[in-house]
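> Please find the sequence and the predicted model below.
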Amino acid sequence: MSENPTPPAPRARVRFWGTRGTCASPGPRTVRYGGNTPCVEVRGSGGPALVLDAGTGIRALGQHMQRSPLSDEAIHLFLTHRHADHVIGLPHFAPLHARTRSMHVWCGDCAEDSLPSFLATLVSPPLFPAVDGLVGQLLAHDWPEGKAVPVGEFLVHRFGAHHPGEAAIIRVDDASGPVMAYAPDNELAYADQTTTHVEWLAALREFLHGVPLLVHDATYTDDELPSHVGWGHSTTTEAVRLAVECGVGTLALFHHHPDRDDDAIERIVESARVQGTEAGSSVRVLAAWEGLSLSV
Ligand SMILES: [Zn+2]
Ligand SMILES: [Zn+2]
């Protein structure tokens, strides 16, 4: 009997272009994990590019895309919500200016008609200089709760996050099932025992069950949480607890607090790994950094 020496091809490659939450925080204390705000690229074996959020990290992604040989492929941008840290990079996205690709946009907190006007505001004066035809490059789509969007070999699902206003938690599936999930802004609030919240958590566990890669909000430490209840974010401890409960393969801690320096993030990751092991889980825990590329 012979063994096949070739490992199976990855189902997707997930690349992090921005991992910081709330506000960009460049500088010498954040060089390892990065200072740009959320932007994650998901690639399958071919087909269009899938981009999750348009924080300041999307600027470098755009430059990278313009250098790639696939510079005429369609781009599908999914905004979890419209808080500034998740959209502020869009006017600086090079493919938008190059105008060689169609650019489709979905939004997790937009009522039916508000996405086109929001996009127009974002790339127009007084927020951005007037550039002829720029607004027309962005093709806005409705993305109501429960609607899954097909993009190439993937199906993009949404689930309502616990976050001020509204926000989407995104799960990307292929024909074999869930590939990865992305929950950059989500308050798990395990301490909240109200029926509504307990039911929401149960439904969330079901949505994330068995996902190979979970990218989750880990904005706060346990000490910081009591003064930030209701702000829409989770602690590292809560993110690990969720990953263990859902049987996640890899947990990428994300949306790092803008005041958290590299050394502090490394200490947090160490304790998160201990928590996972003590829970009897084999979950792999890491803190996402700018430039990290994971094969799933
Ligand atoms: Zn955010
Ligand atoms: Zn937010």
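Perfect, I can see it now. Numbers count the residues shown, from 1 in each chain. Ligands and ions are numbered 1, 2, ... in the order given.
> all contacts plus neighbour counts: C-alpha atoms, from now on.
Noted.
> mind listing what's buried in stretch 200-207?
Neighbour-count burial for stretch 200-207, with 16 or more other CA atoms under 10 Å as criterion, is recorded at 200-201, 204-205, 207.
> Could I get the buried residue list for stretch 231-238?
232-238.
> where along the protein do the strands fall?
Here the chain has its strands, by DSSP state E, at 13-18, 39-43, 49-52, 75-79, 103-107, 138-140, 149-151, 154-160, 168-174, 177-183, 213-217, 250-254, 284-287, 293-295.
> in its sheet, what does the third one sit against?
Sheet pairing here is set by DSSP bridges, and for strand 49-52 it gives strand 39-43 (antiparallel), strand 75-79 (parallel).
> how about a markdown table for these, with mean neighbour count and mean pLDDT added?
Output for these, formatted as a markdown table (neighbours: other CA atoms under 10 Å; pLDDT from 0 to 100):
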| stretch | mean neighbour count | mean pLDDT |
| --- | --- | --- |
| strand 39-43 | 24 | 97 |
| strand 75-79 | 22 | 97 |
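> For these, could you give me CSV that also reports distance to Ser295?
Below are the strands paired with strand 49-52 laid out as CSV (distance: least, CA to CA, whole Å):
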stretch, distance to Ser295
strand 39-43, 10
strand 75-79, 20
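> What parts of this protein come near ligand 1?
21-22 (CA under 5 Å from the ion).
> Leu96 - nearest residue in space that isn't next to it in sequence?
Gln137 (6.6 Å; CA to CA, 6 or more residues apart in numbering).
> do you know how far that neighbour is from ligand 1?
According to CA to the ion, to the nearest Å, Gln137 and ligand 1 sit 25 Å apart.
> unless I'm mixing things up, that residue is touching Met103, no?
Yes - if you go by CA atoms under 8 Å, Gln137 and Met103 touch, sitting 6.5 Å apart.
> Now for those two: what residues contact both?
Leu96 (CA atoms under 8 Å, 6 or more residues apart in numbering).
> So, low pLDDT: which residues of this structure?
1-5, 71 (pLDDT under 70).
> can you give me the helices in it?
58-67, 84-87, 94-98, 114-122, 195-208, 236-246, 262-278 (DSSP state H).
> ok, now which ones touch the residue nearest to Ala189 when sequence neighbours are not counted?
Leaving aside its chain neighbours, Ala189 sits nearest to Ser234 (7.0 Å; criterion: CA to CA, 6+ apart). Each residue near Ser234 by CA under 8 Å, 6+ apart is listed here: 185-189, 217-220, 225.
> if I look at the one residue sitting closest to the centre of the chain, how far off is ligand 1?
Nearest to the geometric centre of the chain sits Tyr182, at 4.4 Å (CA atoms, centre = their mean). According to CA to the ion, Tyr182 stands 12 Å off from ligand 1.
> what bridges to that residue?
Applying DSSP bridges, one finds that Tyr182 bridges with Ile170, Val215.
> didn't it look like it was pressed against Leu214?
Yes - between Tyr182 and Leu214 a contact is recorded at 6.1 Å, counting by CA under 8 Å.
> His216 and His255: what is the separation?
Per CA to CA, to the nearest Å, His216 is found 8 Å from His255.
> which residues are in contact with both of the two?
With CA under 8 Å, 6+ apart as the test, His216 and His255 both reach 184-185.
> which of the strands of the chain is buried the deepest?
strand 213-217 (a mean of 27; mean count of other CA atoms under 10 Å).
> what helices or strands is that strand leaning on?
Judged by 3 or more CA pairs under 8 Å, 6 or more residues apart in numbering; DSSP states H and E, strand 213-217 is in contact with strand 177-183, helix 236-246, strand 250-254.
> now the shortest one, how far from the chain's geometric center?
Remark: strand 250-254 is offset 10 Å from the chain centroid, using CA atoms, centre = their mean, to the nearest Å.
> List of residues touching it?
So strand 250-254 is in contact with 19-21, 184, 212-219, 236, 239-240, 243, 283-288, going by CA under 8 Å, 6+ apart.
> do the first one as well
Applying CA under 8 Å, 6+ apart, the external contacts of strand 177-183 come out as 11-12, 161, 168-173, 208, 210-217, 296.
> picking up where we left off before, and the residue nearest to Leu96, what does it touch?
Gln137 touches 96, 99, 102-103, counting by CA under 8 Å, 6+ apart.
> Done for today, thanks.
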